[in-house]
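*Asks:* From the sequence below, what's the structure:
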Amino acid sequence: MLTKTDLATPTLIEGWLRDIAFTPIQRPDPNNNWNVEFVLSGPTPLSLRVVNTKALPRAITVVCGMATAPEHAAMFTKLPENARKEFWQQLRASLNREFVEFQIQGAAFAECPTLVQLTATRYDDGLTLDSFARTVASVIKAAFDVMFFYHERLGEVGAAAGGEFAFKKLDVQ
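*Replies:* Purely as a prediction, here's the structure:
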């Protein structure tokens, strides 16, 4: 466990990401103290970041942002009003979980969510490799739940039929 004088550093986080089989890349980021990106590869690659924000210097935040594919947005507009409302309610309910926070952008019920951002924060007094790995896993699971939710509710689109998901990966800070 880190002590108050031993704050998480990008070097430590990069080492931990390597320990759990990711390839980290430091990204310049004037909005944060530091920013390390890593990608979960596979049929549906998922880009995530670990940031140390200026507002919370004793914490790290794991971030994943996803923009809705235009095809899904178009399919959403074809849903009846009650189905659009149910879509938003069920998406929120599926993301309401321990450890992971979420933000959904878009006009609720009227339009398909334009952005889903997932975050999980760990403070230095509880930050270990084990807690970090569990935090990363929690964000990844939530991200895949969002992808599957869209797939189930709005169908396969574009490359999704071949096993990929039609979300655009975002470069979220």
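*Asks:* And the next helix or strand past the host helix or strand of residue 89?
*Replies:* Mapping residue 89 onto the secondary structure by DSSP states H and E places it in helix 81-95. Once the chain leaves helix 81-95, the next helix or strand it forms, by DSSP H and E, is strand 101-105.
*Asks:* Partner strands of the helix or strand following that following strand, with direction?
*Replies:* Later in the chain than strand 101-105, the nearest helix or strand by DSSP H and E is strand 115-123. With DSSP bridges as the test, strand 115-123 is paired with strand 59-67 (antiparallel), strand 101-105 (antiparallel).
*Asks:* Make a markdown table out of the ones you listed and add mean pLDDT and mean neighbour count.
*Replies:* C-beta here means a position set from N, CA and C on the backbone, and glycine is covered the same way. Listed next are those as a markdown table, based on pLDDT from 0 to 100; neighbours: other Cβ atoms under 10 Å:
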| stretch | mean pLDDT | mean neighbour count |
| --- | --- | --- |
| strand 59-67 | 96 | 22 |
| strand 101-105 | 97 | 15 |
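*Asks:* Let me have the ones you listed in CSV, extended by distance to residue 31.
*Replies:* Shown next, in CSV, are those (distance: least, Cβ to Cβ, whole Å):
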stretch, distance to residue 31
strand 59-67, 12
strand 101-105, 16
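*Asks:* Out of these, which gets nearest to residue 122?
*Replies:* strand 59-67 (5.6 Å; Cβ to Cβ).
*Asks:* So what sits opposite the residue most central in space within the chain in the bridge?
*Replies:* Taking Cα atoms, centre = their mean as the criterion, residue 64 is the residue nearest the geometric centre of the chain, at 2.3 Å. Beta-bridge partners for residue 64, by DSSP bridges, are residue 118.
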